[in-house]
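Got a sequence here, can you model it:
(one chain, ligands or ions: 1)
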Amino acid sequence: MLNPAEIRKDFPILERQVHEKQLVYLDSAATSQKPQAVLDALDAYYEKHNANVHRGVHQLAAEATEAYEGARGKVAKFIGADVSQIVFTKNATEAINLVARSWGTANLEPGDEVLLTVMEHHSNLVPWQQLAEAKGLVLKHVGITEDYELDMDSFAKELTSKTKLVAITHMSNTLGCIVPLREVVQAAHAVGAKVMVDGAQSVPHLPINVKDLDLDFLAFSSHKMVGPTGIGVLYGKKELLEAMPPFLGGGEMIAQVGLSKSTYAPVPHKFEAGTPPIAEAIGLGAAVDYLSALGMENVAALEASLAEKAIVALEKIPGLKIVGPRKNRGGAISFVIEGIHPHDISTILDREGVAIRAGHHCTMPLHDLLGIAASTRASFYIYNTEEDIDRLVTGLLKAREVFGLAKSSG
Ligand code: C6P
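Numbering: from 1, shown residues only. A predicted model of the protein is given here:
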């Protein structure tokens, strides 16, 4: 088993104090912290190799291009893809928008159905709503069970011969549940639908192989997987990417440009208009190296164990209800405490040096469905220890005290 006490030494920010208390960072589902190796890779690029990519023939341009394309290769290997199937975007949100705007516009017709779920992040709802409005599509939503897992009966009912795309999260950022992707993909392909997976919360935390799972598209963000902000990834099957029109036009994505008409570069460059996030890609490459050295099976096992311990400890707090499953889950744990608003909990915990998230976590429809306006979320990653769980629990008991609630239910 990985040792988080050792891992946290790689993350300089975890040494800082907040409100004169040692920082406990439990907001990695929003964005993860970055190890020294990633910070060093960013510095090294700007200090030694800074140049634009794919343009100049000078030495620095060659080095920058090699590092940028090298990062693409690392990302491809990390998810079991080929290098030409990796498109760099700004984030997971832009990757999903690329699929909606490019593939969706070219391939969907009025009356076609796009199947989503009620637990999707706004980033995997709004682009489809915009496309549905423009093209007359029908949006359908798979429900969740009482145990906060994807309802496979509802999935079977909503999936029809009219379904052309299933766009689904692999791991909910609010419930923490893991979706049985293999089953979902097989059923979707059986009716001729494509599958786009929002991997923003799964790629940083679980081993994933796009070929083995037979995914059509996968979107994720660097900043949640110990990499820098400003870069995300769209994986797509080669034949799909090749048949798709470009998303943005400009330099770098062309083959030949005339005054009235242009032809486009081969994939993935067709989708990377303008100067790309070069340092960020190199930083993401370093992040992938870091996670690969830990081993994603080990990362998943560590987080499952942390989540289990955290849930046992949290459930001892009177009035606390976990909004998510107990098993088969990731490290994002949302909860409500009777009598205290999540924003108040978050403020009190912040004073204790504990960073968590409160609000709707960009899943407003899910919160509406659950009948709650907001929840509190503690999200765990490779650098969180059992002491962090203790500090969270101590902070929550303090919040109860502040609000005049008894320390125990007895
Ligand atoms: N969720 C959270 O605190 P971007 O912003 O593009 O990097 O990622 C968007 C996104 C898409 N899908 C899922 C499942 C996500 O969790 C997120 C980001 C953060 O939960 C910020 S709202």
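
Tell me which helix or strand the nearest residue to residue 390 once chain neighbours are set aside sits in.
Nearest residue to residue 390 in three dimensions, chain neighbours excluded: residue 313, at 7.6 Å (CB to CB, 6 or more residues apart in numbering). Placement of C-beta: from N, CA and C, glycine included. Using DSSP states H and E, residue 313 maps to helix 296-314.

List the buried residues of stretch 159-173.
By 16 or more other CB atoms under 10 Å, the buried positions in stretch 159-173 come out as 159, 163, 164, 165, 166, 167, 168, 169, 170, 171, 172, 173.

Revised request: answer the last question for stretch 79-96.
For stretch 79-96, using 16+ other CB under 10 Å, the buried residues are 79-81, 84-96.

So residue 74 belongs to a strand, correct?
No. Residue 74 sits outside any strand when classified using DSSP: H, G, I helix; E, B strand; the rest coil, being helix.

Contact partners for it?
Shown in contact with residue 74 (CB atoms under 8 Å, 6 or more residues apart in numbering): 284, 285, 288, 289, 292.

Does the ligand have contacts with the stretch of helix or strand the second one belongs to?
Read that as residue 285. Assigned by DSSP H and E, residue 285 belongs to helix 278-294. No. Helix 278-294 is not in contact with the ligand by CB under 6 Å from any ligand atom; minimum separation 12.2 Å.

For that helix, which helices and strands make contact with it?
If you count contacts as 3 or more CB pairs under 8 Å, 6 or more residues apart in numbering; DSSP states H and E, helix 278-294 packs onto helix 36-44, helix 59-78.

if we can go back for a sec, check which helices and strands the following helix or strand past the helix holding residue 313 is in contact with.
The first helix or strand that comes after helix 296-314 along the chain, using DSSP H and E, is strand 320-322. In terms of contacts (3+ CB pairs under 8 Å, 6+ apart), strand 320-322 is packed against helix 296-314, strand 332-337.

please redo it, this time with the cut-off set to 6 Å
Applying 3 or more CB pairs under 6 Å, 6 or more residues apart in numbering; DSSP states H and E, one finds that strand 320-322 contacts strand 332-337.

Give me the helices and strands touching the strand it packs on, please.
Here strand 332-337 touches strand 320-322, strand 375-379, going by 3+ CB pairs under 6 Å, 6+ apart.

about what we covered before: can you count the residues close to the residue nearest to residue 390?
15 (other CB atoms under 10 Å).

between the helices and strands packed on strand 332-337, which gets nearest to the ligand?
strand 375-379 (7.5 Å; CB to the nearest ligand atom).

Does that closest one reach the ligand?
No. Strand 375-379 lies out of reach of the ligand by CB under 6 Å from any ligand atom, never closer than 7.5 Å.

And the next helix or strand past that strand?
Under the assignment DSSP H and E, the closest C-terminal helix or strand after strand 375-379 is helix 386-402.

Kindly calculate the angle that that next one makes with strand 332-337.
Interaxial angle of helix 386-402 relative to strand 332-337 (axes from the mean of the first three to the mean of the last three CA atoms, to 10 degrees): 20 degrees.

At the contact with the ligand, which residues of the stretch 51-200 of the chain appear?
Residues of the stretch 51-200 of the chain found near the ligand (CB under 6 Å from any ligand atom) are 91, 92, 93, 121, 123, 124, 169, 173, 198, 200.

whoops, I mixed them up, the stretch 301-410 of the chain
Residues of the stretch 301-410 of the chain lying near the ligand (CB under 6 Å from any ligand atom): 357, 361, 362.

From the ligand, how far out is residue 395?
19 Å (CB to the nearest ligand atom, to the nearest Å).

An error on my part: the question was meant for residue 284.
Taking CB to the nearest ligand atom, one finds residue 284 at 12 Å from the ligand.

for residue 114, same thing?
Residue 114 is 16 Å from the ligand, by CB to the nearest ligand atom.

repeat for residue 139
Counting by CB to the nearest ligand atom - residue 139 and the ligand are separated by 17 Å.

That residue - that's part of a strand, no?
Yes. Applying three-state DSSP, one finds residue 139 inside a strand.

What count of nearby residues applies to the residue lying closest to residue 237 once chain neighbours are set aside?
Of all residues not flanking residue 237 in the chain, residue 216 sits nearest, at 5.4 Å (CB to CB, 6+ apart). Look at residue 216: counted by other CB under 10 Å, it has 22 neighbours.

tell me the contacts of residue 216?
Residue 216 sits next to 194, 195, 237 when contact means CB atoms under 6 Å, 6 or more residues apart in numbering.

can you rerun that using 7 Å?
Taking CB atoms under 7 Å, 6 or more residues apart in numbering, we find residue 216 in contact with 194, 195, 196, 236, 237, 240.

what's the spacing between stretch 371-381 and its chain's center?
Stretch 371-381 sits 16 Å away from the centroid of its parent chain (CA atoms, centre = their mean, to the nearest Å).

who's in contact with it?
Contacts of stretch 371-381 (CB under 7 Å, 6+ apart): 26-29, 32, 174, 303, 306-307, 310, 323, 331-336, 342, 345-346, 356-361, 367, 392.

sorry, back to before: extract the C-alpha set from the helix holding residue 285 and format it as CSV.
C-alpha atoms of helix 278-294 as CSV (Å, rounded to 0.1, in the frame of the first residue of the first chain):
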residue,chain,number,x,y,z
ILE,A,278,3.1,24.3,-24.1
ALA,A,279,4.4,24.5,-20.6
GLU,A,280,1.1,23.1,-19.3
ALA,A,281,1.4,20.0,-21.6
ILE,A,282,5.0,19.4,-20.4
GLY,A,283,3.7,19.8,-16.8
LEU,A,284,1.0,17.3,-17.5
GLY,A,285,3.6,14.9,-18.9
ALA,A,286,5.5,15.2,-15.6
ALA,A,287,2.2,14.6,-13.7
VAL,A,288,1.6,11.4,-15.7
ASP,A,289,5.1,10.3,-14.9
TYR,A,290,4.5,10.9,-11.2
LEU,A,291,1.2,9.0,-11.1
SER,A,292,2.6,6.2,-13.3
ALA,A,293,5.5,5.7,-10.9
LEU,A,294,3.0,5.4,-8.0
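
Cool, thanks, talk later.
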